[in-house]
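In: The following comprises the amino acid sequence and a computationally predicted model.
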Amino acid sequence: MLKLIGSLIVITATTILGFSYARVYSERVNQLRAMQYALNILETEIVYSATPLMEALIYVSEKTENNISMLFSMMADILNQKSVTDVVEAFYLAFNKLKNELYLEKEEVEVIAAFMQSVGSSDLEGQKKNFNITIKKMEAFEKRAEETRSKNEKLYKYLGVCSGAILIILLV
Amino acid sequence: MPEKESVKPFIKNNPETIKYIFVLSYKITVILINIILRKGDMQMYARDESYVRNTLEKDILPALPKKLSSILTKISDEDISSIEEIRLRAERPFMVYKKGQDMFLNEDGVLSFLLSRPVIVERQDIEKTLTLMSNYSIYSIEEELKQGFLTLKGGHRVGLTGRIVMEDRNIRTMKNISGMNIRIAKEIKGCGNKIIKEIYGEGIKHTLIASPPGCGKTTMLRDIIRVLSSGDRDFNIKGFKIGLVDERSEIAGCYLGVPQRDVGIRTDVLDACPKAQGMFMLLRSMSPEIIAVDEIGSVEDAEAIEDAINSGVKIIATVHGRNFNEIQKRQGVKILIENKAFERIVILSRRSGPGTIEEIIKI
């Protein structure tokens, strides 16, 4: 009886571990998608109606969800205080606060930072180009994240369950 | 008894103390008299100075980088009240313009005519200022860059100079901004009272206000608009519907379309609209009783004004010029004066401060 309860505990623990690892992959894809969506909204706001950045950011944060929304509203807050000298600084400040919730890789962060560097600091033509490049890059990132997700998500899920089972077999 | 004894010898033995008490009471009386005599004066002064400091802190300092704004906060109360312009020029000293003279600022916020320890404005400072002024979104001020000026929240005008980029003979944009002139907008309520009394005693007259730059034309026009629009019991004015074409966003100081200055309750503002077109638009759709415009001059403006006058609308306009002869050098104004469009011409100067009325010409 005791053995049964013990093995059950072991198997649930490893399964949860596996699922949470797998969740990172799907969450990453979701966040990249949300980011792309956010950039698209930002583009419409900026390129077609020339909304000032702060208002555009607030609008974007209203239209997106969870952590991406948090990121944008935080940036708007920081910019509103006018204590930073440029937008990248505000982005890094906001990003570092949300670092643990965002599953973005270093390369992706760099692309977004480069985007933030030139958002707002050029005329509309420059803005259009900036958006085009960044959105294209984000699409590529999303594709790659999707591939790794389809490869690894199931793997981690199975690995969790199976490693639990192996552990039980070895111990019992 | 013992008490008296103890007091007497104290005073007797200390002639120094008695002297001290006398001197002290004398000083207190002098101070009191001063306060009583200058009370009214001081109040006026205090109000003005805190007003300028407040507007600086609220509207202008957030738009300047730390380096420059920290210096401006250090300026003494006495100096701050009369600042009219703040000047930034790349690689040159940080200056302010007050009471008709420009002065250098040093790092401790002390104003002087001498170039001792001046604060040099770097190119980056100007770039940062532009970023802050545009709320980190240069693209949103593209049109303003073409015009060469921005309007800050609170209606303060910022003139810009830099390198112009042309495209088919039109100005496409301005880059490498190297000079900025921040004009602190002042709302002086009641400054137009004298003109209003003289001109609008029996009905509104077509009026032209003329003066060189910086003599309070715009401030005067704003105050006249405010009184005529809101109405005033003292002048027996009931309030008129006023259409204001604010091409340079300086009269109403609109921020996101809403006037930041008090231009009266019945005033419709066409912000950043070319004057001639704006006057036609207002005539067609807003049924104004009075149309107010700033800085007329071209023949187009003259045509629009004549059109407005012919449709029974009263005109209040301003123009740059030192005197009656000088304003006639402008083609548009010349035509208007020849056609007797204006009934009153007011000439302003800054002989005894901005807004001095030199003469009122009746035509």
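Out: That came in fine, so what should we check first? Numbers count the residues shown, from 1 in each chain, chains lettered A, B, ... in the order given.
In: For the residue nearest in space to the middle of chain A, give its distance to chain B.
Out: Residue closest to the average C-alpha location in chain A (CA atoms, centre = their mean): A:Gln31, at 3.5 Å. Noted for A:Gln31: a distance of 24 Å to chain B, by CB to the nearest CB, to the nearest Å. In this view, the C-beta of every residue, glycine as well, is placed from N, C-alpha and C.
In: Name the helix or strand for that residue, please.
Out: helix A:2-43 (DSSP states H and E).
In: who in chain A is up against chain B?
Out: When proximity is defined by CB under 8 Å from any CB of the partner chain, chain A lies next to chain B at A:46, A:50-54, A:56, A:79, A:82, A:85-87, A:120-124, A:126-127.
In: Buried ones among those residues?
Out: A:46, A:50-54, A:56, A:79, A:82, A:85-87, A:120-121, A:123, A:127 (16 or more other CB atoms under 10 Å in any protein chain shown).
In: out of those residues, which are inside helices?
Out: Taking DSSP state H, the ones among those that sit in helices are A:Leu53, A:Met54, A:Ala56, A:Leu79, A:Val87, A:Gln127.
In: Of those, which pair is most distant in space?
Out: Largest separation among these by CB to CB: A:Leu79 and A:Gln127, giving 16.5 Å.
In: Next up, the contacts around B:Pro65.
Out: By CB atoms under 8 Å, 6 or more residues apart in numbering or on different chains, the residues touching B:Pro65 are A:Thr85, B:Asp125, B:Lys128, B:Thr129, B:Leu132.
In: Give me the lowest-pLDDT entry from those residues.
Out: pLDDT across the contacts of B:Pro65 is lowest for A:Thr85, at 79.
In: Quick check: whichever residue of chain B sits closest to chain A vs B:Asp77, distance?
Out: Taking CB to the nearest CB, chain A has its nearest neighbour within chain B at B:Ser137, 4.0 Å off. Distance, B:Ser137 to B:Asp77, using CB to CB, to the nearest Å: 35 Å.
In: Have a look at the two and say which one is more surrounded.
Out: Shown here are B:Ser137 and B:Asp77; by other CB atoms under 10 Å in any protein chain shown, B:Ser137 has more neighbours (24 against 12).
In: shouldn't the more buried one be in contact with A:Pro52?
Out: Yes - judged on CB atoms under 8 Å, B:Ser137 makes contact with A:Pro52 at a distance of 4.6 Å.
In: what's stretch B:248-256 in contact with?
Out: Here stretch B:248-256 makes contact (CB under 8 Å, 6+ apart) with B:147, B:149, B:151-157, B:185, B:218, B:221-222, B:225, B:244, B:246, B:259-261, B:263, B:267, B:269, B:271-272, B:292, B:294-295.
In: Keep only those of those residues that are in helices.
Out: B:Gln147, B:Thr218, B:Leu221, B:Arg222, B:Ile225.
In: how about B:Ile347, secondary structure?
Out: Following DSSP: H, G, I helix; E, B strand; the rest coil, B:Ile347 is assigned to strand.
In: isn't it right next to B:Thr356, touching?
Out: No - with contact defined as CB under 8 Å, B:Ile347 and B:Thr356 do not form a contacting pair (9.6 Å).
In: More neighbours: which of these two?
Out: Between B:Ile347 and B:Thr356, counted using other CB under 10 Å, B:Ile347 has the larger neighbour count: 21 against 14.
In: Show me what the more buried one bridges to in the sheet.
Out: Note on B:Ile347: beta-bridge partners by DSSP bridges are B:Ala210, B:Glu359.
In: Quick one: residues contacting it.
Out: B:Ala210, B:Ser211, B:Arg322, B:Asn323, B:Phe324, B:Ile357, B:Glu358, B:Glu359, B:Ile360, B:Ile361.
In: Mind giving me the ChimeraX select for these, buried ones only?
Out: A single ChimeraX command selects the buried members of these (16+ other CB under 10 Å):
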select /B:210,211,323,357,361
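In: Most widely separated two among the contacts of B:Ile347?
Out: Every pair of these checked by CB to CB; the farthest is B:Arg322 and B:Ile360, at 15.7 Å.
In: how close does the residue nearest to B:Met180 when sequence neighbours are not counted get to B:Gly214?
Out: Once flanking residues are discounted, B:Met180 sits nearest to B:Leu88: 4.2 Å by CB to CB, 6 or more residues apart in numbering or on different chains. From B:Leu88 across to B:Gly214, the span is 18 Å (CB to CB).
In: Could you do B:Ile171 as well?
Out: From B:Ile171 to B:Gly214 the distance is 25 Å (CB to CB).
In: first vs last residue of stretch A:109-126, how far apart are they?
Out: One end of stretch A:109-126 to the other measures 21 Å (CA to CA, to the nearest Å).
In: what mean pLDDT does that stretch have?
Out: Rounded mean pLDDT across stretch A:109-126 is 86.
In: Quick check: which ranges of the stretch 151-300 of chain B have low pLDDT?
Out: Residue ranges of the stretch 151-300 of chain B with pLDDT under 70: B:201.
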